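K.L.:
Got a predicted model here, sequence first, then my questions.
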Amino acid sequence: MTTVALETVLAKAGLNVRPTEFLALVEDAAKRLTPPSPNPAHYFSTDQRAALTDVGFDLSARRDDENDYRARTVAAHAVLAESALTVADAAAKLGVDDSRVRHRLKEHRLTGWKSQGGWRLPAWQFTADGVLPGLDTVLRAVPGDQPALVVAAFMSTPQSDLVINGRPATPRQWLLAGGDPEPVAALAGTLGTAI
């Protein structure tokens, strides 16, 4: 019964993956995260803990009756991994040789991550007939320490500085609509910085 429900959800989301493969992706993503019940106070000195609690931060460990905060991240990572293209897939989509895709990755004109099976390239950076307009400008601005999941979340989250028809647009929507990539690059350059 659970497999049928998961198949239905995956199909509605447009993910072409068997439930067992998707669950393996979820398991792998969960293993990469922090321990299931970290004690946040452990990561700070006594003075830092005092300062943080003085301004209202709760540094206590997660209670057994609380939802695991990692679940959304694990699901997002699994979907990102499942929808990503291989180098061969990207080359076919772009009508180029595999080596050209690897060259673009090296030059930060495409983004991806290495897995056991080779490079994986997130699907958000591609269009039906090529690469997202202005992508190279945006990717040059992304700090090098930002993981693919952070960049994917940024590219799919509406930004108040990017307005189309009176509504905040995602960076991807902005670029697809022919918007100037410079404002997106400026926003991307702040990824990972405290605001």
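P.N.:
That came through, no problem. Residues are numbered from 1 along each chain as shown.
K.L.:
Please make it C-alpha for all contacts and neighbour counts, starting now.
P.N.:
Noted.
K.L.:
now whichever strand or helix holds Ala50: mean pLDDT?
P.N.:
Take DSSP states H and E as the rule and Ala50 turns out to sit in helix 46-54. Across helix 46-54, pLDDT averages out at 76.
K.L.:
got it, and stretch 10-29?
P.N.:
Mean predicted lDDT for stretch 10-29 stands at 75.
K.L.:
Show me what counts as buried in that stretch.
P.N.:
10, 19, 22, 25-26, 29 (16 or more other C-alpha atoms under 10 Å).
K.L.:
Could you list every helix and strand in contact with the lengthiest strand in the chain?
P.N.:
Assignment by DSSP state E gives strand 159-164 as the longest strand of the chain. On a contact count with 3 or more C-alpha pairs under 8 Å, 6 or more residues apart in numbering; DSSP states H and E, strand 159-164 meets strand 167-169, helix 171-176, helix 181-188.
K.L.:
what residues does the first one touch?
P.N.:
Spelled out, that is strand 167-169. The list of residues contacting strand 167-169 from outside it, by C-alpha atoms under 8 Å, 6 or more residues apart in numbering, reads 157-163.
K.L.:
For these, could you give me a markdown table that also reports neighbour count?
P.N.:
As requested, the contacts of strand 167-169 are exported to a markdown table (neighbours: other C-alpha atoms under 10 Å):
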| residue | neighbour count |
| --- | --- |
| Thr157 | 14 |
| Pro158 | 18 |
| Gln159 | 17 |
| Ser160 | 10 |
| Asp161 | 14 |
| Leu162 | 20 |
| Val163 | 16 |
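K.L.:
Mind picking the lowest-pLDDT entry from these?
P.N.:
Lowest pLDDT among the contacts of strand 167-169: Thr157, 89.
K.L.:
and it, what element?
P.N.:
Thr157 belongs to no helix or strand, assigned by DSSP H and E.
K.L.:
winner for burial among the helices and strands packed on strand 159-164?
P.N.:
Of all the helices and strands packed on strand 159-164, helix 171-176 has the most neighbours on average by mean count of other C-alpha atoms under 10 Å, namely a mean of 21.
K.L.:
Check which helix or strand the residue nearest the centre of the chain maps to.
P.N.:
Central residue of the chain (C-alpha atoms, centre = their mean): Leu149, 2.0 Å from the mean position. Using DSSP H and E, Leu149 maps to helix 148-155.
K.L.:
which other residues reach that helix?
P.N.:
Contacts of helix 148-155 (C-alpha under 8 Å, 6+ apart): 76-77, 80, 111-113, 122, 124, 142, 170-172, 188, 191.
K.L.:
Output the helices and strands packed on strand 159-164 as a markdown table; include the columns distance to Ala91 and mean pLDDT.
P.N.:
Below are those laid out as a markdown table (distance: least, C-alpha to C-alpha, whole Å; pLDDT from 0 to 100):
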| stretch | distance to Ala91 | mean pLDDT |
| --- | --- | --- |
| strand 167-169 | 29 | 95 |
| helix 171-176 | 21 | 96 |
| helix 181-188 | 24 | 96 |
